[in-house]
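Student: Provided below for reference: sequence and predicted model.
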Amino acid sequence: MQRISSLIHLSLFWAGVMSAVELVPEHQTVIVSVGDPATLKCSMKGEAISNYYINWYRKTQGNTMTFIYREKGIYGPGFKDNFQGDIDTEENQAVLKILAPSERDEGSYYCASDIQGNHCGNSGNRALVFGKGTRLSVIPNIQNPDPAVYQLRGSKSNDTSVCLFTDFDSVMNVSQSKDSDVHITDKTVLDMRSMDFKSNGAVAWSNKSDFACTSAFKDSVIPADTFFPGTESVCDANLVEKSFETDMNLNFQNLSVIGFRILLLKVAGFNLLMTLRLWSS
């Protein structure tokens, strides 16, 4: 009975200590370009950081919490090559370095602490104290931005128009329209792998009959050299379908190549068959 009472008092003691500990991130938001090193820092208030084990986690879309690092060189799967964890005892803070960030490293990073020696034989039973977290944003390197706005019109309805704003610089932010009838998506990075480059893009649309691309992004700071289409250069789906015609000469050449290949296979098969018959005789 006395032993159980001692364990209860010990548990209450550790709970009191942990509640007094506070982890404070250096910055709420960190913004870096792709490939530029990022450093996240988390200070401990109310206790010496050397008395605790420090962990780092990342939360991505869907509120998935992923383990990154724990003291003594323990890394989560896929993090060891690009992440470095360290403890700065002089500044009483934990440090996490991302050597070459990419877009997939975006998310909210949290430091967490647990008392050294308080493992109970099972790491899953640790009582972790989390900080508030730091949001990491990674800006892609857009080479030679050439901003342009294109207007698309549906083939079945002339009242529905869509405006595509693309190839603009990463430092630009796309603002929502003050017009409730105009809908604008957030800025999205398009990975044009077939052409080996990336591009920023945003889409605006409306059912208003007087909707025009020249005014769709008026609440955003559009670069002066942005290309806007004229009324005669709207991308109509019907016109696109009509303009796409099969090249008869190209089809004939393709059929000729296929025919020659079939003939070659037949000749090769006949020669192989005759050779086998001669050997067997």
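Tutor: That came through fine. Residues are numbered from 1 along each chain as shown.
Student: now the terminal residues of stretch 52-69, how far apart.
Tutor: Start and end residues of stretch 52-69 are separated by 14 Å (Cα to Cα, to the nearest Å).
Student: what residues does it touch?
Tutor: Stretch 52-69 has contacts (Cβ atoms under 8 Å, 6 or more residues apart in numbering) with 21, 40, 42, 44, 70-72, 75-76, 79, 83, 85, 87, 94, 96, 106-116, 128, 130, 133. Every C-beta, even on glycine, is put in place using the N, C-alpha and C of the backbone.
Student: which ones among these lie within strands?
Tutor: 40, 42, 44, 70, 75, 83, 85, 87, 94, 96, 107-115, 130 (DSSP state E).
Student: what subset of those residues is buried?
Tutor: Listed as buried from those are 40, 42, 44, 70, 75, 83, 85, 87, 94, 96, 107-115; burial here means 16 or more other Cβ atoms under 10 Å.
Student: and the helices in this structure, which stretches?
Tutor: Using DSSP state H, the helices of the chain run over 2-20, 213-216, 237-243, 248-280.
Student: burial count for residue 207?
Tutor: Number of residues near residue 207 (other Cβ atoms under 10 Å) recorded here: 12.
Student: was I right to think it contacts residue 181?
Tutor: Yes. Here residue 207 reaches residue 181: they are 7.1 Å apart, a contact under Cβ atoms under 8 Å.
Student: which residues does residue 202 contact?
Tutor: 164-166, 174, 184-188, 217.
Student: list the beta-bridge partners for the closest residue to residue 76 other than its chain neighbours.
Tutor: In space, and not counting its chain neighbours, residue 76 is closest to residue 67: 4.2 Å by Cβ to Cβ, 6 or more residues apart in numbering. Counting by DSSP bridges, residue 67 forms beta bridges with residue 57.
Student: what is the neighbour count of residue 67?
Tutor: Neighbour number of residue 67 under other Cβ under 10 Å is 15.
Student: show me the shaky parts of the stretch 1-150 of the chain.
Tutor: Within the stretch 1-150 of the chain, the ranges that satisfy pLDDT under 70 run 1-19, 116-126, 143-144.
Student: now do the contacts for the closest residue in space to residue 29 that isn't next to it in sequence.
Tutor: Among residues not flanking residue 29 along the chain, residue 135 sits closest, at 4.7 Å (Cβ to Cβ, 6+ apart). Residues counted as contacts of residue 135 (Cβ under 8 Å, 6+ apart) are 28-30, 107-109.
Student: so what's residue 135 bridging to?
Tutor: What pairs with residue 135, by the bridge criterion (DSSP bridges), is residue 29, residue 108.
Student: domains for the protein, by residue range?
Tutor: When the chain is parsed into structural domains using automatic domain parsing, the resulting residue ranges are 2-139, 148-243.
Student: spatially nearest residue to residue 93 (excluding sequence neighbours)?
Tutor: Using Cβ to Cβ, 6+ apart and skipping the chain neighbours, the partner closest in space to residue 93 is residue 43 (4.2 Å).
Student: got the contact list for residue 96?
Tutor: If you count contacts by Cβ under 8 Å, 6+ apart, then residue 96 has 39-42, 56, 68-69, 83-86, 109, 111 around it.
Student: I meant to write residue 108 there.
Tutor: Contacts for residue 108 (Cβ under 8 Å, 6+ apart) come out as 58-60, 133-136.
Student: now list the buried members of those residues.
Tutor: Those of the contacts of residue 108 that meet the buried threshold are 58, 133-134, 136, by 16+ other Cβ under 10 Å.
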